[in-house]
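Asker: Okay, sequence plus prediction incoming.
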Amino acid sequence: MRRAARLSTLLLALALAGCASEPAPSRPWAETAARELHLSVTSFELLGRRVTVTRSTTAAGPLPVVVYLPGIGQGSDAGQRWAAAWAQAGHAVLGVQPLEDDAAAWRSTLARTGEFRALGELHYGDAMRADRLAALRRLLAALQAQPAAAGVALDWQRAAVAGYETGAQTALDLGLDATAWQPRAVLAISPPAMDAAPATPPALLITSDTDGDALGLVRQPAERRRAFDTLRPGAGWLLALPAMSHAALSGTLAPEGWHAQDQHRGGSGSLGGQRGGMGGGQGGGQGGQHGPAGGVPRGPRSGSATEAAQADLAEAMQLSAAFLDARLRGGAMPASPHLQTR
């Protein structure tokens with residue numbers, strides 16, 4: 001009951017942020033998380049990569065672990081809405097972008113020249129896919145070698161790997177090598193069209209009927225459920241949300257300055273004149289990188305940070321936290337009309 005009450009408090013805070021009608025004063029996320037959500041947000045360097053740790057300030061260790069892998073153009077601090085929900089549920093969330101090339105994607109020559117399909121083919125392609133998986137394996141080994149690096153004891157026997165976009169692809173790719181360390185669960189948010197590996201751990205996929213692709217690689221949102229359709233029977237769940245844009249599913253805070261840009265560009269229609277404190281898109285990572293982030297292919301910066309800020313991710317956050325609780329603590333998965341079981 002206490003955990004449910006904390007999660008309800010988090011969801012209320014996120015909803016209030018998304019409903020604000022006037023721009024809120026800029027405040028560092030770590031300060032907001034500590035003051036309003038009782039979360040600790042810290043970071044450290046490991047193997048040349050930044051690891052961002054989000055955890056409850058009241059939870060005692062050892063804590064179950066969720067390793068979160070951001071998408072193209074995002075840094076380790078992306079996906080704050082997901083990280084906050086899972087941390088409120090009692091997990092330590094470790095965000096890391098395994099490859100610098102992924103973090104810097106929107107500063108690349110392909111991005112600067114508008115070659116977004118080529119950029120997508122590069123980052124989802126076999127070479128970078130293999131490099132990303134190998135880099136993640138090295139990072140996981142290093143993280144497990146120092147279980148208190150997050151400022152609290154971590155329980156790597158109860159660990160999950162979650163990801164968005166390329167991060168979802170890599171989380172699902174962990175099952176390619178059944179002899180290597182495997183998490184107890186995988187959470188794939190807006191994955192590309194791909195088959196699940198035979199040894200993929202129990203997995204929850206999250207997408208929507210409007211989960212498009214500004215890079216031009218996914219022709220229909222339904223293609224994103226392919227991994228679910230190829231999971232082992234009894235080892236897969238699919239949360240298919242209605243009318244949730246690709247940008248909103250990132251769960252990332254809107255970078256400062258996107259509010260005014262969305263108004264000028266008419267980025268989100270009737271939502272263009274509103275701004276909540278939390279948004280989606282690709283640009284919440286280090287250095288404010290940004291790029292195509294919308295539900296349909298419309299070119300650079302398609303999709304709207306304000307649209308993502310208004311998005312109601314409450315059900316997705318609740319069900320993803322319940323999935324993690326079920327896989328890492330032995331809880332039960334709740335029922336939902338949007339949740340399918342393999």
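Answerer: Perfect, thanks for sending it.
Asker: give me every residue that touches A83.
Answerer: A83 makes contact with 52, 54, 68, 93, 95, 251, according to CB atoms under 8 Å, 6 or more residues apart in numbering. In this view, the C-beta of every residue, glycine as well, is placed from N, C-alpha and C.
Asker: Would you mind giving me the PyMOL syntax to select the buried ones in the residues you listed?
Answerer: In PyMOL syntax, the buried subset of these is picked out as below (16 or more other CB atoms under 10 Å):
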select buried, resi 52+54+68+93+95+251
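Asker: JSON lines for the contacts of A83, including pLDDT?
Answerer: Listed next are these as JSON lines, based on pLDDT from 0 to 100:
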{"residue": "T52", "pLDDT": "96"}
{"residue": "T54", "pLDDT": "96"}
{"residue": "Y68", "pLDDT": "98"}
{"residue": "V93", "pLDDT": "97"}
{"residue": "G95", "pLDDT": "97"}
{"residue": "G251", "pLDDT": "91"}
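Asker: which SSE is A227 in?
Answerer: Applying DSSP states H and E as the criterion places A227 in helix 226-229.
Asker: Need the mean per-residue confidence for that helix.
Answerer: What helix 226-229 shows for mean pLDDT is 94.
Asker: cool, and stretch 125-144?
Answerer: 96.
Asker: gap between it and the chain center?
Answerer: Counting by CA atoms, centre = their mean, to the nearest Å, stretch 125-144 is centred 17 Å from the centre of its parent chain.
Asker: in that stretch, what counts as buried?
Answerer: 128-129, 132-133, 135-137, 139-140, 143.
Asker: Please apply the same query to stretch 334-342.
Answerer: Buried residues in stretch 334-342, counted by 16+ other CB under 10 Å: 339, 342.
Asker: just the buried residues of stretch 125-144 now: which is nearest S76?
Answerer: L139 (10.6 Å; CB to CB).
Asker: Residues contacting whichever strand or helix holds that closest one, please?
Answerer: Assigned by DSSP H and E, L139 belongs to helix 126-145. Outside helix 126-145, the residues within contact range by CB under 8 Å, 6+ apart are 46-47, 49, 51, 67, 69, 94, 96, 98-99, 101-102, 122, 149, 154, 156, 166, 169-170, 173-174, 176, 180-181.
Asker: So what's the gap between the helix or strand following it and the chain middle?
Answerer: Helices and strands here follow DSSP H and E; after helix 126-145, the next one along the chain is strand 154-164. Relative to the chain's own centre, strand 154-164 is displaced by 13 Å; criterion: CA atoms, centre = their mean.
Asker: Dump the C-alpha coordinates for strand 154-164 into CSV.
Answerer: Presented in CSV, the C-alpha positions along strand 154-164 are these (Å, rounded to 0.1, in the frame of the first residue of the first chain):
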residue,chain,number,x,y,z
LEU,A,154,22.5,-2.8,-5.5
ASP,A,155,21.1,-6.3,-5.9
TRP,A,156,22.3,-7.5,-9.3
GLN,A,157,20.5,-10.8,-8.7
ARG,A,158,17.3,-8.8,-9.2
ALA,A,159,18.1,-6.7,-12.3
ALA,A,160,16.2,-5.6,-15.4
VAL,A,161,17.4,-3.8,-18.6
ALA,A,162,15.0,-1.2,-20.2
GLY,A,163,15.5,0.9,-23.2
TYR,A,164,13.9,3.3,-25.8
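Asker: Which positions within it qualify as buried?
Answerer: Quick answer for strand 154-164 (16+ other CB under 10 Å): 154, 156, 158-164.
Asker: Against which helices or strands is it packed?
Answerer: strand 63-69, helix 80-88, helix 126-145, helix 166-173, strand 185-189, helix 314-329 (3 or more CB pairs under 8 Å, 6 or more residues apart in numbering; DSSP states H and E).
Asker: To L215, which of those lies closest?
Answerer: Once the helices and strands packed on strand 154-164 are compared by CB to CB, helix 166-173 is nearest, at 10.8 Å.
Asker: quick one, that closest one and helix 126-145 angle?
Answerer: For helix 166-173 and helix 126-145, the angle between their directions (axes from the mean of the first three to the mean of the last three CA atoms, to 10 degrees) works out to 70 degrees.
Asker: Give me the contacts around helix 166-173.
Answerer: Contacts of helix 166-173 (CB under 8 Å, 6+ apart): 68-72, 98, 102, 123-124, 128-129, 132-133, 136, 161-163, 186-192, 194, 196-197, 200, 203, 205, 227.
Asker: just how off-centre is it within its chain?
Answerer: 11 Å.
Asker: for the stretch 201-342 of the chain, which spans come out with low pLDDT?
Answerer: Within the stretch 201-342 of the chain, the set of residues satisfying pLDDT under 70 comprises 254-311.
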